[in-house]
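>>> coords below, sequence missing:
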């Protein structure tokens, strides 16, 4: 069997991809809440229990005061901002670095 025969066989048994859709801004899938939750969980045990509970009660969302500052930024830009916010506002261990 030649490479051409393999390609023809694949075309018979598999449908071709006709389109690929990228949802980079969360319009089709709301991944923002998952991102917030992952960010909060990344602090692990350094996040005080009371703050963790407060965030859980708010649906594991980042507070708007930091969220509005990081929207639209690349990770390399917003991660240090969130760490700084968590250290100043939540009392997270100051040894955490971006």
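Everything's here; your move. All of these numbers come straight from a predicted model, not from anything done at the bench. Numbering: from 1, shown residues only.

>>> Distance from the helix-or-strand element of the chain with minimal mean pLDDT to the middle of the chain?
Within the chain, no helix or strand scores below helix 3-13, which has a mean of 75 by mean pLDDT, DSSP states H and E. In terms of Cα atoms, centre = their mean, to the nearest Å, the centre of helix 3-13 is set 39 Å apart from its chain centre.

>>> which strands and helices sit next to that helix?
The criterion is 3 or more Cβ pairs under 8 Å, 6 or more residues apart in numbering; DSSP states H and E, and there are no helices or strands that helix 3-13 contacts. Placement of C-beta: from N, CA and C, glycine included.

>>> The helix or strand following it: how far from the chain's middle?
With elements assigned by DSSP states H and E, the helix or strand that comes after helix 3-13 is helix 32-42. Chain-centre distance of helix 32-42: 6 Å, with Cα atoms, centre = their mean.

>>> sec struct for residue 92, please.
Three-state assignment for residue 92 (DSSP: H, G, I helix; E, B strand; the rest coil): coil.

>>> Point out where this structure drops to low pLDDT.
Scanning the chain for pLDDT under 70 picks out the ranges 1, 24-25, 94, 97-98.
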